[in-house]
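Student: Structure for the following, please:
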Amino acid sequence: MTARPAKGGGRRVAVPPERLNRWIDGFAARHGPFEATGSTTEVRLVARDGAVATFSVPFPPLRAGGRWVSSLVTHAQRRRVLGVVLVRMGGYAAGVFDGADLVASKVGSRLVQGRTAAGGWSQQRFARRRANQADKAFEAAADTVVRVVVPRLGELEGVVFGGDRKAVDALRADRRLAGVFDLETGPFLTVPDPRLAVLQASPEQFRAVTVHIAEPAEAPEHAPGLERAAGPE
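Tutor: Residues are numbered from 1 along each chain as shown. Purely as a prediction, here's the structure:
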């Protein structure tokens, strides 16, 4: 787990579901007892020394009934069947995961030439050729999603997208993928060119729980709109 500076202060870390209990125990050991508050999309721990840990709920909503910590851990660790679609210019991958296990997949690539600095008529002709190559690449990507993900839509709790946002958006007009985009869920995955190894590693991102940590000197006031736990868990 690598912590990164967060916009507005503090830092963010992605915690694997299997290590969530241990991470929370470590937070309590460092900062003292805490009060848990939450909502369907967020759980916040406010420690005695003023430190705050805010968890973004993966695949919301969270139904906690006031027991925010235990419910978050159970929710994060639950095994889900999810589709994953990764698209970049010229490369694509589609898969179905049962938990962290890849149970169906297909990857591929199509040539899309890079941009050119040439000018005049030659540049216009090159641009048309490149656009045609891109259209064929996106069509191949859509065909792959239709082959791998669409037949299993009835099993899926969501579909996670990643790669390049413009490339993903290029698939939205394909009517065959309407049901896939109806199940779109976060997070959007930042990945290199989609290859099988990249697809296989994607659960490290989409299953992780993002935590924003604010140390006592930088912690904000308790955020409104969060329900307090009835008592310690």
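Student: Only C-alpha atoms from now on, for both contacts and neighbour counts.
Tutor: Noted.
Student: tell me which element the most centrally placed residue in the chain is part of?
Tutor: What sits nearest the mean C-alpha location of the chain, by Cα atoms, centre = their mean, is residue 187, with 2.1 Å. Assigning secondary structure by DSSP states H and E places residue 187 in strand 184-189.
Student: So what's the gap between that strand and the chain middle?
Tutor: With Cα atoms, centre = their mean, to the nearest Å as the basis, strand 184-189 stands 4 Å off its chain's centre.
Student: follow-up on the earlier one: wait, doesn't the residue nearest to the centre of the chain sit right on residue 208?
Tutor: No: applying Cα atoms under 8 Å, one finds residue 187 not in contact with residue 208, separated by 9.6 Å.
Student: For the strand holding residue 187, name the packing helices and strands.
Tutor: For strand 184-189, the elements it packs on are strand 158-163, helix 203-206, judged by 3 or more Cα pairs under 8 Å, 6 or more residues apart in numbering; DSSP states H and E.
Student: Same list, those, but as CSV with distance to residue 88, mean pLDDT and mean neighbour count please.
Tutor: Compiled in CSV, the helices and strands packed on strand 184-189 are given as follows (distance: least, Cα to Cα, whole Å; pLDDT from 0 to 100; neighbours: other Cα atoms under 10 Å):
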stretch, distance to residue 88, mean pLDDT, mean neighbour count
strand 158-163, 5, 97, 23
helix 203-206, 17, 95, 18
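Student: domain ranges for this protein?
Tutor: Here the domain assignment for the chain is 4-58+208-228, 81-206, based on automatic domain parsing.
Student: Indicate which one of the ones you listed is closest to residue 73.
Tutor: domain 4-58+208-228 (6.5 Å; Cα to Cα).
Student: show me what contacts residue 105?
Tutor: 93, 94, 95, 96, 148 (Cα atoms under 8 Å, 6 or more residues apart in numbering).
Student: quick one: the strands in this structure?
Tutor: Here the chain has its strands, by DSSP state E, at 4-5, 11-15, 34-38, 42-47, 52-56, 81-88, 91-98, 101-109, 158-163, 184-189, 209-214, 227-228.
Student: what's the neighbour count on residue 195?
Tutor: Neighbour count of residue 195, defined by other Cα atoms under 10 Å: 19.
Student: before we move on, what about residue 69?
Tutor: 24.
Student: next one: residue 150
Tutor: For residue 150, using other Cα under 10 Å, the count is 18.
Student: Next up, the contacts around it.
Tutor: 177, 179, 180.
Student: beta partners of the closest residue to residue 5 other than its chain neighbours?
Tutor: In space, not counting the residues next to it along the chain, residue 5 is nearest to residue 11; the distance is 4.2 Å by Cα to Cα, 6 or more residues apart in numbering. On the basis of DSSP bridges, residue 11 takes part in beta bridges with residue 5, residue 213.
Student: mind checking how far residue 11 is from residue 217?
Tutor: In this view, residue 11 and residue 217 are 13 Å apart by Cα to Cα, to the nearest Å.
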